[in-house]
Each structure stands twice: as structure tokens, then as C-alpha cells.
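K.L.:
Sharing a model that was predicted from the sequence below.
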Amino acid sequence: MQFRQQALSKLQSPESLDLPVRLARPQGLIALAVTVVVMAAASVWAVTGSVSSTLKASGILTYGQGSYVLQTPVTGQVTGVYVKEGQRVAADTVLFKIRTEQGNRAVRAIDAGRVTALVARIGSVVRTGADVATVEKTGSARDPLVAMVYVPATGAANIPAGASVDLTVPAAQSYGVLRGTVKGVGRAPQTRRQVADFLGDSELAEQFTKGGTRVPVLVRLSESAATRSGYAWSTEDGPPFALSSMTLTSGAVHLASQRPIDWLLP
């Protein structure tokens with residue numbers, strides 16, 4: 001009761017009515033102004049700004065037609081090897097000669113391409129169905145290279161056709177990154193076996209599918225007549241040497257920009 005009487009008497013007293021009322025201190029006004037400016041800028045950015053992101057994955061430079069593993073149809077001893085690794089061969093070219101109990105047999109290329117690996121050597125004994133060589137399918141040396149990048153299945157759906165890609169080639173890393181664009185995205189994830197069948201290399205397939213299945217993304221390399229390699233780089237000249245297929249690379253796929261308001265709203 002005593003406190004209430006004091007409050008009532010203070011309200012009824014006119015001695016303090018002529019004093020100015022301080023709504024806020026100068027420091028508070030400055031903080032309020034800064035807050036308003038920041039909120040206004042954030043609102044403008046949410047409507048007109050954009051958020052970009054990249055998806056990184058490992059890949060390989062290739063001719064895009066895949067490879068095949070050549071297997072011997074007979075059992076015997078290899079007596080002749082008529083190609084070298086890196087050599088281009090036409091379809092039906094004799095690659096090996098094998099001596100069998102029924103006589104000499106030739107092992108021929110199934111399709112035209114470039115020999116990327118020789119497993120059989122002169123003097124080695126092979127059995128029917130054994131791997132003797134890997135051939136990358138390509139028509140000619142003028143065929144353009146492409147990059148096959150294997151991305152996690154969870155991120156493949158966000159990759160649009162035509163997205164820009166920066167490819168890092170370890171042997172040419174000091175010359176910048178290789179430029180390219182997404183030509184196509186696989187419709188379904190691929191297992192290690194499927195990747196191995198395409199590349200003709202089970203070790204590479206295991207490396208690319210480590211941690212689960214992957215979706216292949218075909219990247220078209222941007223061509224340039226001004227560089228030694230024939231492709232566009234982030235630097236003016238790029239590396240002073242040509243690129244070869246079956247070269248490992250890593251790609252950074254630039255996903256489409258999205259407005260913040262799109263993913264802030266439910």
C-alpha cells in the first residue's frame with residue numbers, strides 16, 4: 001500500500017512534467033539504423049541475387065566410344081605380338097599369334113581403335129577367354145577427346161545440360177584448367193562392372209565407384225585453335241603439349257544459379 005501511494009503521488013506531482021522525454025540514446029539509434037540497412041540489403045539480395053555451387057568428381061579423358069577387352073578364343077602359347085601400346089589398329093587387324101595343338105591361330109581386333117594395354121607377351125601361355133589386350137574404340141587420331149566424369153547419384157539430378165565444367169589435368173595443372181560443357185548426363189547410376197566394361201579397366205572402375213555407384217557425365221571439351229593441345233584453357237596458351245586419352249582428370253561442374261528466395265520459401 002505504501003508503494004502504491006508513492007506512485008500515485010509522483011504521477012499527480014506536476015514538478016517533472018516540463019522535463020523532455022528521452023526515447024533512445026544516440027548509440028541505440030545508430031544500431032537501429034545499421035540493422036535496418038542490413039535487413040534491407042538482405043531483402044534485395046534475396047529477391048535479385050543468386051547462389052551458385054559446384055559439384056566435384058573424378059573422371060578421365062577418352063574418345064567417348066568406350067573400350068573393349070580383347071580375349072583369346074583358344075588355349076596356347078603366344079608366339080607373336082604385332083602391336084605396341086598406343087598404336088592405332090583397324091578392325092580385324094592381327095594383334096597376336098598363338099600356337100595351339102591344332103596349329104597357329106591369330107587373335108584379331110574386334111573394332112578399330114587404339115591399343116591402351118597389352119596383357120599377353122611373347123612366350124606367355126594363355127587359356128581360352130583370357131584377357132590379352134585392351135583397345136579403346138576410335139575411328140581416327142582426329143577424333144575429339146571428351147571427358148567422362150563420374151558423379152554421385154545424389155548430385156546428378158541437379159546437373160543441367162550445357163553447364164560449364166572446369167577440368168584439372170594433373171600433368172598440366174600449372175597451365176590452368178581445361179574448359180568444357182556438359183553434353184549429357186547418364187539416366188541411371190552405374191556399377192563398378194558397368195564402368196569397367198566401358199573403360200576396359202577394372203582398377204579405374206574401382207577407383208571411380210569407390211563409395212557407391214556413380215552416374216556418368218559426358219563433358220564436351222571446348223576447342224581452341226590458339227593452343228597446342230587444341231582445347232581451351234583458363235590460361236591463354238595452355239600446356240605446350242597435346243592431350244592423350246585415358247588421362248585422369250577431376251572436374252568441377254558449375255550448377256545452375258538459384259535465387260535464395262526459391263530455397264528459403266517452403
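P.N.:
Looks like it arrived, so ask away. Numbers count the residues shown, from 1 in each chain.

K.L.:
Let's see the distance spanning stretch 200-216 from one end to the other.
P.N.:
15 Å (C-alpha to C-alpha, to the nearest Å).

K.L.:
Give the rounded mean pLDDT of that stretch.
P.N.:
Stretch 200-216 shows a mean pLDDT of 89.

K.L.:
Show me which positions of it end up buried.
P.N.:
By neighbour count on 16 or more other C-beta atoms under 10 Å, the buried set for stretch 200-216 is 200-201, 204-205, 208-209, 214-216. Bear in mind the C-beta positions are built from the backbone N, C-alpha and C, glycine included.

K.L.:
Which of those residues fall in helices?
P.N.:
In this view, the buried residues of stretch 200-216 that belong to helices under DSSP state H are 204-205, 208.

K.L.:
Please look at Y150 and L55 and confirm they touch.
P.N.:
No - assessed by C-beta atoms under 8 Å, Y150 is found out of contact with L55, at 11.4 Å.

K.L.:
So for the two, which sits in the more crowded spot?
P.N.:
Neighbour count, other C-beta atoms under 10 Å: between Y150 and L55, Y150 has more, with 25 against 20.

K.L.:
where does the more buried one land on pLDDT?
P.N.:
Reading off the model, Y150 has pLDDT 94.

K.L.:
Which strand residues bridge it?
P.N.:
Y150 forms beta bridges with S58, P216, as assigned by DSSP bridges.

K.L.:
If you average the pLDDT over the helix or strand containing V135, what comes out?
P.N.:
In this structure, V135 sits in strand 131-137 according to DSSP states H and E. In this model, strand 131-137 has a mean pLDDT of 93.

K.L.:
Please name the nearest non-neighbouring residue to V132.
P.N.:
Spatial nearest neighbour of V132, excluding adjacent residues (C-beta to C-beta, 6 or more residues apart in numbering): A120 at 4.0 Å.

K.L.:
no wait, S245
P.N.:
Per C-beta to C-beta, 6+ apart, closest to S245 is T62, 5.1 Å.

K.L.:
So the one you found is in contact with M246, correct?
P.N.:
Yes - under the criterion of C-beta under 8 Å, T62 is in contact with M246, at a separation of 6.4 Å.

K.L.:
Find residues that contact each of those two.
P.N.:
E136 (C-beta atoms under 8 Å, 6 or more residues apart in numbering).

K.L.:
what's near enough to touch the closest residue to V195 other than its chain neighbours?
P.N.:
Counting by C-beta to C-beta, 6+ apart, V195 lies nearest to A205, which is 3.9 Å off, once chain neighbours are set aside. Contact partners of A205, counting by C-beta under 8 Å, 6+ apart, are 192-193, 195-196, 199.

K.L.:
Which of the residues you listed fall within helices?
P.N.:
Filtering the contacts of A205 for helices - DSSP H - leaves 192-193, 195-196, 199.

K.L.:
what about Q71, distance to S229?
P.N.:
34 Å (C-beta to C-beta, to the nearest Å).

K.L.:
Who has more neighbours out of the two?
P.N.:
Remark: of Q71 and S229, S229 carries more neighbours, 21 against 15, as counted by other C-beta under 10 Å.

K.L.:
Checking the more buried one next. Helix, strand or coil?
P.N.:
coil (DSSP: H, G, I helix; E, B strand; the rest coil).
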